[in-house]
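**Student:** Predicted model and sequence follow; I will ask about them next.
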Amino acid sequence: MLNKICIEDNIQFKTSVEVLNECFGKNYKGFQKAGCYLGGDMFVWFPKLALKMDGQYKAQSKTKPWINVLSDDGKTLEMIAETDDFDRERILKRSGIIFTFAKCEPKEGYRYIGTFIMAVEECTDLRFIYRRIDTVIDFEELYNYQVPENEEDQERHAKQLSKSQLYRIAKERGSEKPKMSERTVATWGRDKYVKELAKTRADGICELCKEPAPFVASDGKPFLETHHIKWLSRGGSDTIENCVALCPNCHRKMHYCENVEDIKTLMKIAKYITV
């Protein structure tokens, strides 16, 4: 059984049975359907892509009323019905992730072309649209995952997942009515006058990237955020020499990147530039 597959591998499987057995750990002797549910919201699809003849797309199979068209960039797959003699509701139930192994030419085998989800809002009575969300399947990760209980561990865990696995967990854990929790947060005192002086000195221009504030706030002033060059939580002072005005992007950057050159630049600005 394979551990992982990506579209660049261009591995061809002779039959859909081989895909299910080699990739998903099944033990089928025969399989004739165009798709297989793996459990939960996972589905494996075996479309035969339409052939382009004389500028028009024609179905590979004469017995199946479907024209399956993959976009040139491989990111969109359209399934177009030639008749209305099919169960539309059954197709719409495939709302989860769809691992897609397509037969691109009649004499070729099936190869992985991506993991898709249905764009339900774009579908019509005879046309179904699928958007690619991933180009890799990690088969070991597919079934063996456990969401950590600690929120910090969850954040690290989420960053390590493939797009399709992240989609599965997010879809499963999302809530229409999030629970409210109360937390006690310690905050450092910030002098309003020091804060306002930094913003006045900036005059609507971010003191790091030198770009104008992204928008005008409800008070009619350009929106900038104040930042303490040496963080208050690290013993920094709440003084005009340690306070600058930044756009939201640069403010986040200073908290996540802590670039030494940026820190030096802001220290010079706060120390030497006057209003």
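**Tutor:** Everything's here; your move.

**Student:** so where's this protein uncertain?
**Tutor:** 31-32, 62-64, 143-145, 176, 184-186, 272-275 (pLDDT under 70).

**Student:** can you pull out the strands in it?
**Tutor:** Taking DSSP state E as the criterion, the chain contains strands spanning 4-6, 12-13, 35-39, 42-45, 51-53, 56-58, 66-70, 76-81, 97-103, 110-118, 127-134, 136-138, 225-228, 243-246.

**Student:** Let's have the ones you listed in a markdown table, adding distance to Ser162 and mean neighbour count.
**Tutor:** All C-beta atoms are positioned from the backbone trio N, CA, C, and that covers glycine. As requested, the strands of the chain are exported to a markdown table (distance: least, C-beta to C-beta, whole Å; neighbours: other C-beta atoms under 10 Å):
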| stretch | distance to Ser162 | mean neighbour count |
| --- | --- | --- |
| strand 4-6 | 9 | 17 |
| strand 12-13 | 21 | 17 |
| strand 35-39 | 15 | 14 |
| strand 42-45 | 13 | 20 |
| strand 51-53 | 32 | 11 |
| strand 56-58 | 31 | 12 |
| strand 66-70 | 21 | 19 |
| strand 76-81 | 19 | 18 |
| strand 97-103 | 10 | 23 |
| strand 110-118 | 9 | 22 |
| strand 127-134 | 6 | 19 |
| strand 136-138 | 5 | 20 |
| strand 225-228 | 34 | 20 |
| strand 243-246 | 34 | 26 |
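
**Student:** Quick one: closest of the ones you listed to Gly236.
**Tutor:** strand 225-228 (4.9 Å; C-beta to C-beta).

**Student:** For the closest one, what is the distance to the chain centroid?
**Tutor:** 30 Å (C-alpha atoms, centre = their mean, to the nearest Å).

**Student:** now swap in stretch 227-235 and tell me
**Tutor:** That offset, for stretch 227-235, works out to 33 Å (C-alpha atoms, centre = their mean).

**Student:** Can you list the buried residues in that stretch?
**Tutor:** 227-229 (16 or more other C-beta atoms under 10 Å).

**Student:** Contact partners for the residue nearest to Ile137 when sequence neighbours are not counted?
**Tutor:** Excluding the flanking residues, the one nearest Ile137 by C-beta to C-beta, 6 or more residues apart in numbering is Ile5, at 5.3 Å. Going by C-beta atoms under 8 Å, 6 or more residues apart in numbering, Ile5 touches 11, 23, 112, 136-137, 139.

**Student:** can you check Glu140 too?
**Tutor:** 3-4.

**Student:** any idea how far it is from Ser164?
**Tutor:** With distances taken as C-beta to C-beta, to the nearest Å, Glu140 is found 13 Å from Ser164.

**Student:** which other residues reach stretch 225-235?
**Tutor:** 188, 190, 194-195, 198-199, 236-238, 242-248, 251, 254, 263, 266-267, 270.

**Student:** Quick one: end-to-end distance for that stretch.
**Tutor:** With C-alpha to C-alpha, to the nearest Å as the measure, stretch 225-235 spans 20 Å from end to end.

**Student:** Ok, stretch 6-26 next?
**Tutor:** 20 Å.

**Student:** For that stretch, buried residues please.
**Tutor:** Quick answer for stretch 6-26 (16+ other C-beta under 10 Å): 7, 11, 13, 15-21, 23-24.

**Student:** Contacts made by it with the rest, please.
**Tutor:** So stretch 6-26 is contacted by 1-2, 5, 27-31, 33, 36, 38, 44, 46, 74, 101, 108-114, 135-137, 139, 142 (C-beta under 8 Å, 6+ apart).

**Student:** one more time with 7 Å, if that's ok
**Tutor:** 1-2, 5, 27-28, 30-31, 36, 38, 44, 46, 101, 108-114, 135-136, 139 (C-beta atoms under 7 Å, 6 or more residues apart in numbering).

**Student:** Tell me, how many residues neighbour Cys122?
**Tutor:** Actually, residue 122 is Glu. It isn't Cys. If you count neighbours by other C-beta atoms under 10 Å, Glu122 ends up with 13.
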